[in-house]
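*Asks:* Generate a structure from the sequence data that follows.
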Amino acid sequence: MERLKRIYQAIYKKGWKKLEKEECQRIASFLILPNSEITFVPEFIKRSFCLPDGWIKLLQNENFLKSIIINVKQADYAVKIGMELEKEIRQTVEALGLPYEKGGVEIVDNKEVDVVIPNRKKPRVLIMSSYQLTTSSSQSSKANEQGRMYQDIQTYNRRRKNMKSPGALFVNVVDGGGWLARSNDLQRMWTECDYCFTYSDMEALRELLSSIQL
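*Replies:* You can find the predicted model right below:
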């Protein structure tokens, strides 16, 4: 399916979307006879692409078609779930009557933070949420970036301690089966912060936030 997406993008120079009739016919022609597509599709894709044996029977199998649809929709689904997770965190903050903002925070090199309590100029709590349905290399990049953010917060806190002012807490909310397949990255997300919660720990997150003195 991923290869088919790349083929579609090569032919039409645009993202994956609902196919028009003419587009379906052109893609179907390519699938059956790759060399029939004389424009856009690179030769190395044509040479390496072939349908599996018994492909006609596969297309008549309802479970097989459902699995394809699920695969296509997984990315969108993961994004939506991630947005809902962040939304629930905000609702938890709002229920406690705590002010918050979202956006770039100077003490972490102006990287965007999902929830900053009480505000981005004088942060006391920085919350980052991450939901991964499947595994990808971007998780290593995220773990690396948040590791650097935590180092920046620790530096900020050392300065605040010398000034006898309260520092900032860095909180991760991490969930989704995709993280289980990348244990090293998950370990970093767990250790390189002050607190790490899963969705099932939302009550513990609420208790932590209710103890914060602004």
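
*Asks:* Restrict stretch 129-137 to CA atoms and write it as CSV.
*Replies:* C-alpha atoms of stretch 129-137 as CSV (Å, rounded to 0.1, in the frame of the first residue of the first chain):
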residue,chain,number,x,y,z
SER,A,129,1.9,14.6,24.7
SER,A,130,2.7,11.9,22.2
TYR,A,131,0.5,9.1,20.9
GLN,A,132,2.0,6.5,18.4
LEU,A,133,-0.3,3.9,16.9
THR,A,134,2.6,2.4,14.9
THR,A,135,6.3,2.6,15.0
SER,A,136,8.5,5.0,13.0
SER,A,137,12.0,6.5,13.0
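
*Asks:* residues of it that come out buried?
*Replies:* Neighbour-count burial for stretch 129-137 flags 129-133 (criterion: 16 or more other C-beta atoms under 10 Å). Where you see a C-beta, it was placed from the backbone N, CA and C, and this is true even at glycine.

*Asks:* Which single one of those residues is nearest to Asp175?
*Replies:* Closest to Asp175 out of those is Tyr131 (5.3 Å), distances taken as C-beta to C-beta.

*Asks:* Is that closest one bridged to anything, and to what?
*Replies:* Applying DSSP bridges to Tyr131 gives these bridge partners: Asp175.

*Asks:* isn't it right up against Asp175?
*Replies:* Yes - using C-beta atoms under 8 Å, Tyr131 is in contact with Asp175, at 5.3 Å.

*Asks:* Now do the shared contacts for these two.
*Replies:* Applying C-beta atoms under 8 Å, 6 or more residues apart in numbering, one finds that Tyr131 and Asp175 are jointly contacted by Leu85.

*Asks:* SS state for Phe64?
*Replies:* Here Phe64 is helix, with the state taken from DSSP: H, G, I helix; E, B strand; the rest coil.

*Asks:* Not counting residues beside it along the chain, what's closest to Val93?
*Replies:* Tyr100 (5.0 Å; C-beta to C-beta, 6 or more residues apart in numbering).

*Asks:* Over to the one you found: give its phi and psi.
*Replies:* Taking degrees, to the nearest 10, you get phi -160, psi 160 for the backbone angles of Tyr100.

*Asks:* For it, the count of nearby residues, please.
*Replies:* Look at Tyr100: counted by other C-beta atoms under 10 Å, it has 21 neighbours.

*Asks:* For Ala168, see how far away Leu133 is.
*Replies:* According to C-beta to C-beta, to the nearest Å, Leu133 stands 30 Å off from Ala168.

*Asks:* got a markdown table for the buried residues of stretch 129-137, with distance to Arg26 too?
*Replies:* Below are the buried residues of stretch 129-137 laid out as a markdown table (distance: C-beta to C-beta, whole Å):
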| residue | distance to Arg26 |
| --- | --- |
| Ser129 | 41 |
| Ser130 | 38 |
| Tyr131 | 36 |
| Gln132 | 34 |
| Leu133 | 31 |
